[in-house]
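J.: predicted model follows, preceded by the sequence.
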Amino acid sequence: MQIENMSNIVSMQPREYQSKIIETAKNNNTLVVLPTGLGKTLIALHLSVHRKQQHPLSKILFLAPTRPLIEQHFEYYKNNLPELFADLQLFTGSVPASDRKKIFQTAEIIFSTPQCIANDIGKSLYSLSDVSLLIIDEAHRCLKNYDYTKVVSTYKNQASNQLILGLTASPGSDSDKVRQIINHLAIDAIELRTRDSEDVKPYLQEREYEKVEVPFPKEFEEMRILLRRIFNSKTEKLKIMNLLHGPANKISLLMLQNRLAIQASSGNGQAMAGMSLTAQAIKISHALELLETQTLKGLSDYLLGLKQQSDEKKTRGVQTLVNSPEFQASLLSLKQLMEKGIEHPKVEELAILIENEFKEKKNAKIIVFTQFRDTAQVIQERLMKLEDVKPSVFIGQAKKKGSGLSQKEQKQIVQDLKDGVINAIIATSIGEEGLDIAEVSAVFFYEPVPSAIRKIQRAGRTARLSPGKLFILMTQDTKDIANHYASSSREKKMYKNIELIEQELRNKKKNPSLKRFL
C-alpha cells in the first residue's frame with residue numbers, strides 16, 4: 001500500500017523526508033536518526049498501519065524506556081488512528097503479569113517498557129511469534145544487557161514476519177557502540193537526517209546560537225588552589241604506588257576504582273589503600289567541578305555532607321580528607337563568600353539572559369538544562385525574583401535519600417508548560433530524552449555536556465515550529481570549555497561514523513556474503 005492511500009486511516013500525513021524514510025522502513029530493518037521534534041513517532045505510526053494491512057492478524061510491539069514516554073506514544077496513536085482500527089493496549093509495571101498475559105493474546109498494538117516484556121518472555125507468559133513490527137524508541141540504549149537486547153533477541157528467534165524500526169535522535173559518537181546497536185537490531189538500512197539535510201530544512205525554523213563565556217571569579221581562586229592541592233597529593237601517592245598511570249581525571253580514577261575493587265576483594269592490602277586514596281581523589285574532583293561550573297550552594301551542601309560523614313566516622317578516608325588543613329581552609333573560605341551573598345557568576349548571567357528573553361517576548365517559554373538537582377534549585381530561586389518568569393524545577397523520581405518528582409508530577413509540569421501555568425522549566429537529564437515537552441522559544445545550557453547524544457537532545461527542544469534560540473553558558477578556564485569542544489567534536493564524528501556504517505550496509509546488500517559487523 002502506498003503512503004498516499006493511508007489518508008483515510010491516519011489523520012496526520014508525512015512530510016517528504018518522512019515518506020522517504022517510511023518507504024525504506026517497509027522492506028528493511030531500519031535505524032532512523034532524526035533530531036528531536038522532527039516526527040519519529042509519525043513514521044512509526046504509518047509503518048504500523050502498513051504492517052497491519054500486510055499482516056492483518058499480526059501484532060505491533062512499540063517499546064520505549066520509560067513509563068511517561070511509552071504513555072505518550074500510546075496517546076499519540078490513540079489520537080491519530082480511528083477508534084476501531086486496532087486494539088491498542090498499554091503495558092506498565094502497574095498491570096499485573098497475569099493480566100498482561102491475557103491482554104497480549106487479543107491486543108493488536110502493544111505499548112510497553114522493555115522491562116515488562118523482557119520479564120514476561122523470561123517467564124514464557126507469551127510468544128512474540130505474531131509480532132510483525134517491533135519499534136524501539138531511544139534505540140541508542142540497545143547495548144549490552146539492557147532489556148531491549150533481550151526482547152530483540154527473542155523477537156528474532158520467534159517472529160515469523162519480522163521487521164524492526166529503531167528510532168533515535170543520536171546513536172552516539174563511538175563507532176563500536178553504533179555497530180553494536182546495528183547488530184543487536186539486525187539493521188539493514190540507516191536513515192540519517194540532520195538540521196542541515198536538504199529535505200528537512202524547509203520544515204525547520206531558524207535557531208540563533210550564542211556561546212556565553214563567564215570569567216572564573218578571582219574570589220574563588222583560593223578555594224580552587226586548596227582543593228587542587230588535596231587532589232594532587234592523592235593522585236601523586238597513587239602514582240608512587242604504581243597504581244595510576246597517565247593523566248589523573250574523573251574517568252581514569254573511576255576506572256582505577258573498579259580495577260582496585262576486584263583486587264581488594266581478595267584481601268590485597270595495597271589495593272585497599274589505593275581504593276581509599278582513589279575515593280578521596282574522586283570526591284575532591286567532584287568538589288572542583290561544583291566550584292568551577294555549578295553553584296557555591298551546591299558545593300557547600302556537598303562539603304558539609306562530607307564533614308557530617310567524617311563526624312559520624314563513616315570511613316577513615318573521609319575523616320582524613322575532612323581533617324586536612326586544606327579542606328578546613330576551603331570550608332572557611334566558602335563560608336565567608338556565602339555570608340557576603342556571593343554565588344557563581346553563571347547564575348546571575350543566566351538570570352539576565354532570561355530576563356531579556358521575556359522583555360523581547362512576553363509569552364516566551366524556556367527550558368534551562370543543568371546537570372545537578374542542587375543547581376536547578378538555585379536557578380529556580382533566582383528566576384522567581386524575575387517579574388515575568390514562572391519557573392518550575394523538572395527532575396527525576398526520588399532517589400533513596402533525596403527528593404524527586406513522581407511520574408504524575410512530571411506529567412503535570414509538562415502540561416503546565418503547555419497551558420502557560422508556568423513558562424520556564426529548569427530540567428536535569430530527565431528533560432532531555434523523548435518527553436513531549438512543548439515547543440520553547442529558547443533553550444539554555446547552564447553548562448556544556450561532553451556527550452553528543454545529550455547535546456543534540458537538549459538543543460532539539462527549540463526552533464521546530466517557530467524560530468528559537470540556544471544559549472550555552474561556560475566558565476572560562478574550567479572543565480566547561482573542554483566539554484563544549486568535546487561534544488561538538490563528537491557530534492561531527494558521529495555523523496561521519498554513521499555515514500561510514502551506512503556505506504558498509506549498502507556494500508553488504510550488494511554482496512550478501514559479507515558478515516555483519518563484529
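T.: Cool, got the structure.
J.: all contacts plus neighbour counts: C-alpha atoms, from now on.
T.: Will do.
J.: domain ranges for this protein?
T.: Per automatic domain parsing, the domain ranges recorded for the chain read 3-202+495-510, 205-215+345-477, 218-339.
J.: can you put these in JSON lines and add distance to Y485, mean neighbour count and mean pLDDT?
T.: Output for the domains of the chain, formatted as JSON lines (distance: least, Cα to Cα, whole Å; neighbours: other Cα atoms under 10 Å; pLDDT from 0 to 100):
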{"stretch": "domain 3-202+495-510", "distance to Y485": "14", "mean neighbour count": "18", "mean pLDDT": "91"}
{"stretch": "domain 205-215+345-477", "distance to Y485": "8", "mean neighbour count": "19", "mean pLDDT": "88"}
{"stretch": "domain 218-339", "distance to Y485": "15", "mean neighbour count": "17", "mean pLDDT": "94"}
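J.: same list, those, but as a markdown table with distance to S487 please.
T.: Output for the domains of the chain, formatted as a markdown table (distance: least, Cα to Cα, whole Å):
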| stretch | distance to S487 |
| --- | --- |
| domain 3-202+495-510 | 9 |
| domain 205-215+345-477 | 4 |
| domain 218-339 | 16 |
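J.: which one of those lies closest to S488?
T.: Closest approach to S488 among these is made by domain 205-215+345-477 (7.0 Å; Cα to Cα).
J.: measure that closest one end to end?
T.: 34 Å (Cα to Cα, to the nearest Å).
J.: and if you look at stretch 90-103?
T.: First residue to last in stretch 90-103 (Cα to Cα) measures 10 Å.
J.: name the residues that touch it?
T.: Contact partners of stretch 90-103, identified using Cα atoms under 8 Å, 6 or more residues apart in numbering, comprise 67, 71, 74, 89, 110-113, 116, 120, 125-126.
J.: which one of those is nearest to Y495?
T.: T113 (28.4 Å).
J.: what helices or strands is the helix or strand where K307 lies leaning on?
T.: Using DSSP states H and E, K307 maps to helix 296-311. If contacts are counted by 3 or more Cα pairs under 8 Å, 6 or more residues apart in numbering; DSSP states H and E, helix 296-311 sits against helix 269-293, helix 316-322, helix 325-339, helix 373-383.
J.: export the second one as CSV, just CAs?
T.: By that I understand helix 316-322. Output of helix 316-322 as CSV, limited to C-alpha atoms (Å, rounded to 0.1, in the frame of the first residue of the first chain):
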residue,chain,number,x,y,z
ARG,A,316,38.7,6.6,57.6
GLY,A,317,39.3,8.1,54.1
VAL,A,318,36.6,10.8,54.6
GLN,A,319,37.9,11.6,58.0
THR,A,320,41.5,12.0,56.6
LEU,A,321,40.1,14.2,53.8
VAL,A,322,38.0,16.5,56.1
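J.: and for it, what's in contact with it?
T.: 276-277, 279-280, 306-307, 309-311, 313, 327-328.
J.: and these, which is closest to K418?
T.: Among the contacts of helix 316-322, and counting by Cα to Cα, the member closest to K418 is L306, at 40.5 Å.
J.: for that closest one, list the residues it contacts.
T.: 318, 322.
J.: and it, how far is that from Q280?
T.: If you go by Cα to Cα, the gap between L306 and Q280 works out to 11 Å.
J.: same check on K26?
T.: Distance of K26 to Q280, given as Cα to Cα: 54 Å.
J.: can I get stretch 244-254 in CSV? Just the C-alpha atoms.
T.: What follows is stretch 244-254, C-alpha atoms only, in CSV (Å, rounded to 0.1, in the frame of the first residue of the first chain):
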residue,chain,number,x,y,z
LEU,A,244,47.8,5.3,38.5
HIS,A,245,49.3,5.8,35.1
GLY,A,246,48.8,8.7,32.7
PRO,A,247,46.5,11.7,33.3
ALA,A,248,44.5,11.9,36.6
ASN,A,249,40.9,12.8,35.9
LYS,A,250,37.5,11.6,36.9
ILE,A,251,37.2,8.9,34.2
SER,A,252,40.7,7.4,34.8
LEU,A,253,40.0,7.4,38.6
LEU,A,254,36.7,5.7,38.2
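J.: from the chain's centroid, how far away is it?
T.: 25 Å (Cα atoms, centre = their mean, to the nearest Å).
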